[in-house]
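A.B. asks: Coordinates only, no sequence provided:
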């Protein structure tokens, strides 16, 4: 799944399922999964324009263990959601990873500029993105001046030059014997890096709560949306509950 | 405490003490702290050239609850060391923070370039540091060329220019209405940022184990050494045990 | 602070303060603590019948950094609350510790029946407590029969006998060479044990959210109330915000 | 898998694999899994009497990515081992769960005596187990008396009576209207309960390090051995490395 200009999100693996969450919750009373009420013949992911249904659109009935799942979510009994999870591979700019790594419950393995040159790909926002002020967190906005389309274009050109400059310095350093771990000093926070990230479903949903929020930076929101699609495809009933209660 | 060219480590607060660790460990048998055998009139921190003594240098005797403390440490009964801790304030380059934040058991509050311009200070390694190849991790070294003193000086000049360029792009962007959260894109990973970090003593010692190790990058080792001094001053008997068993 | 028939909560140590939380939050913009608007001459803890005031009751004005503190709490910017914390000592029945230890972000050191006999103190609920059905979680209630005062008294007597029996078996075992770690098998979950527990303020408030909740078992709620008093005395402005938003 | 008299360990699910661990580790240099050197036609689990081989017993050669895996393990680069894991279901006595739950990095969902009567099954150690003094931790042993076979049998009889007594008190309470959450007070710590537990492989190996250790109580060691078998079957190359370095 492509994200931003050079980025991506790729699913490596999932474990657990909506059913497993019910089984884990039923440990407290010694019972297991009983069955869903709704045949899932109309299920989809809202981020992809589909509609998730809680009831069968044909017979109008529904709700077997969907009821318990909704009770768990709505009453913040979150531990059963730790019994499922996802491992993904992410390619994103360093400034996005810097925000991402604040989520201390995830496991990370990232490419290291100390050991290998990061690929020379750097994020350049589109003119439309640069003009987008309203959606952003107020504190993150510009200092007052009104941005014109021409200046947005000029900034993109300025970035290209700054990135080129950083690259030149890096390559000169490598070819003249500067240690890799120091040659990287001029690398901009716009530089793309790669990582694997793993977390249980409870923690991924907490990540989505914070990073799909309108106050989150637009760039990390694009990654969160892509993660949300993976969650929805693999845990559709849980995602539906999450989607109904999150801030939009 | 000054670290690198513009960085620092400052102690904000500690909690607990070597005595508290003993008290917590004695919970298992319902007893408390009995007293140290050694009057601490000759204690110091090895990083500062002082000598920590396990026995009283005058009477040659010692070892009250030092014995239990040593037993805990040497047998990896680490939970009592969670009953003490430190809060510090750190100023360091972004590439150091990137390594630091992998320690997921610490609590962080960092300055954000999304909301406020980071001070225009960027790390420039000294010529001596650049020439230092042996101490570094092999993978982190240069690609083969032998670095001369002249080229080390040239790299420092190249960094100054690259940093200046990044700064120009940033300031032009701010004054032309680019959102702060995007104006920061060309900021190099050498840029200094600030944070508060808090952790319990067990987790700080784990941090020191990894970051005082000769395989860690020289720059983060300078920060780890400064943290070690704070640990030593506030938890001298625990630090002594740590210092005896760590890889040097 | 006495809790239940033989239990207690004792403060060992705190670190940080309401001011430190503000300082940590202001790291993001590079500023510090500015000062409270309200001179705290009317502050108290609601659990103790006092009233916490947000404004000076004399001049009617207020709100310096109280405003930022409220913003942080109400918008779930919880990381600055990790920069403070408490260490306490608790004496409580094993079934209370079983619930308590589900809070995996706390640090624990507990007395161990493997190494030392737990004191022969066992929880016996009062008649009033036994008659209290309404407040409890529905699933936790009795199976249908209506409890009389006489039967409540009889149950108390039955407990005394069961505890005595468990004790006899234990002591016989110890005196006949059964290993301590097995002699403990008949010990009831009503037996009192002791521990030290440490956590940062964010995690203590999460503990209080779950354990002061009317759906929590009455016994652990008494402990949570005692912890709440300690939080209130040491972090009065933060506690006030917590108290306003919790479920009662 | 049966454990003790009424207990069990059952595998619910795994994620990841030895290969995935290599892939995650290679993120740092941007490369992936290259392939094992050894065709695994002689692999087994040492706990089950099998032999794990590092080299092909036919051709005498081996070591493809086994070499990197060993490097990671032996140099404590543990984060790639977080990219795999297991979910299991456990039936064990409460005193075993009390030790187990100190592992705060696992996720748990346990049966609750607050909501449902725990099955009336209680652990009774065999005479052989009771006579076993040498293997146990010294502090956990008996106070001095030498245990005879007859007294071991008598203790077993004493346990049966104590358990019966606790049960009687419980059932009388339930049938007379005592809330379930209080009727459980006389339940002994020998009572069996059930739970699901989930953790990543790094944390399971840490659990095994502590709980397969000869100083751990014999009962939890039987559970740890059963978990070890599951780890070995699903992550044979990683288990081999663990097994070579653990204390036996």
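C.D. replies: Structure's in. What do you need? Keep in mind that this is a model prediction, so the values were computed, not measured. Residues are numbered from 1 along each chain as shown, chains lettered A, B, ... in the order given.
A.B. asks: mind giving me the domain ranges of chain A?
C.D. replies: Listed domain ranges for chain A are A:2-94+A:192-245, A:124-188 (source: automatic domain parsing).
A.B. asks: Against the centre of chain A, work out the most remote residue.
C.D. replies: Residue farthest from the centre of chain A, counting by CA atoms, centre = their mean, is residue A:176 at 39.0 Å.
A.B. asks: Check the secondary structure at the most centrally placed residue in chain A for me.
C.D. replies: Nearest residue to the geometric centre of chain A (CA atoms, centre = their mean): residue A:224, 2.5 Å. Secondary structure assignment for residue A:224 (DSSP: H, G, I helix; E, B strand; the rest coil): helix.
A.B. asks: quick one: is the longest helix belonging to chain A near chain B?
C.D. replies: Looking across chain A with DSSP state H, the single longest helix is helix A:149-175. Yes: Helix A:149-175 lies within reach of chain B by CB under 8 Å from any CB of the partner chain, at A:151-152, A:154-155, A:158-159, A:161-163, A:165-166, A:169, A:172-175. For every residue, glycine as well, the C-beta is placed using N, CA and C.
A.B. asks: which one of the residues you listed has the most neighbours?
C.D. replies: residue A:173 (28 neighbours; other CB atoms under 10 Å in any protein chain shown).
A.B. asks: For chain C, see how far away it is.
C.D. replies: 31 Å (CB to the nearest CB, to the nearest Å).
A.B. asks: Which residues are in contact with that residue?
C.D. replies: Contacts here follow CB atoms under 8 Å, 6 or more residues apart in numbering or on different chains; on that basis residue A:173 touches A:182, A:183, B:155, B:158.
A.B. asks: Which helix or which strand is home to residue A:11?
C.D. replies: Here residue A:11 sits within strand A:7-15, counting by DSSP states H and E.
A.B. asks: ok, residues contacting that strand?
C.D. replies: Defining contact as CB under 8 Å, 6+ apart, one finds that strand A:7-15 is touched by A:1-3, A:84-93, A:96, A:123, A:192, A:196, A:222-223, A:226-227, A:230, A:234-235, D:13-16, D:20, D:85, D:87.
A.B. asks: and if we set it to 7 Å?
C.D. replies: Strand A:7-15 has contacts (CB atoms under 7 Å, 6 or more residues apart in numbering or on different chains) with A:1-3, A:84-92, A:192, A:196, A:223, A:226-227, A:230, A:234, D:13, D:15-16.
A.B. asks: Stretch A:116-125 too?
C.D. replies: By CB under 7 Å, 6+ apart, the surrounding residues in contact with stretch A:116-125 are A:4-6, A:93, A:111, A:156, A:159-160, A:163, A:167, A:187-188, A:190-193, B:182, B:185, D:29-30.
A.B. asks: circling back to that earlier point, leaving out the residues flanking it, which one is nearest to the residue nearest to the centre of chain A?
C.D. replies: Distance criterion CB to CB, 6 or more residues apart in numbering or on different chains; nearest residue to residue A:224, sequence neighbours excluded, is residue A:211 at 3.7 Å.
A.B. asks: didn't that neighbour look like it was pressed against residue A:221?
C.D. replies: Yes: Residue A:211 is within contact range of residue A:221, at 6.3 Å (criterion: CB atoms under 7 Å).
A.B. asks: And the two? Which one has more around it.
C.D. replies: More neighbours surround residue A:211 than the other of residue A:211 and residue A:221, with 22 against 17 (other CB under 10 Å).
A.B. asks: Might you report the residue contacts of the more buried one?
C.D. replies: Residue A:211 is in contact with A:220, A:221, A:224, counting by CB under 7 Å, 6+ apart.
A.B. asks: out of those, which one sits closest to chain D?
C.D. replies: residue A:220 (19.8 Å; CB to the nearest CB).
A.B. asks: Number of residues surrounding the closest one?
C.D. replies: Using other CB under 10 Å, residue A:220 is surrounded by 22 other residues.
A.B. asks: hmm, who's touching the helix or strand containing it?
C.D. replies: Take DSSP H and E as the rule and residue A:220 turns out to sit in helix A:218-234. Contacts with helix A:218-234, where a contact means CB under 7 Å, 6+ apart, come from A:1, A:3-4, A:9, A:11, A:14, A:45, A:47-48, A:86, A:88, A:90, A:92, A:96, A:99-100, A:129, A:132, A:135-136, A:204, A:208, A:211-212, A:239.
A.B. asks: any chance you could map the helices in chain A?
C.D. replies: In chain A, the helices defined using DSSP H lie at A:18-25, A:66-74, A:94-100, A:127-131, A:149-175, A:180-183, A:201-211, A:218-234, A:236-245.
A.B. asks: Using JSON lines, lay out those together with mean pLDDT.
C.D. replies: Converted to JSON lines, the helices of chain A look like this (pLDDT from 0 to 100):
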{"stretch": "helix A:18-25", "mean pLDDT": "97"}
{"stretch": "helix A:66-74", "mean pLDDT": "94"}
{"stretch": "helix A:94-100", "mean pLDDT": "98"}
{"stretch": "helix A:127-131", "mean pLDDT": "96"}
{"stretch": "helix A:149-175", "mean pLDDT": "96"}
{"stretch": "helix A:180-183", "mean pLDDT": "95"}
{"stretch": "helix A:201-211", "mean pLDDT": "97"}
{"stretch": "helix A:218-234", "mean pLDDT": "97"}
{"stretch": "helix A:236-245", "mean pLDDT": "93"}
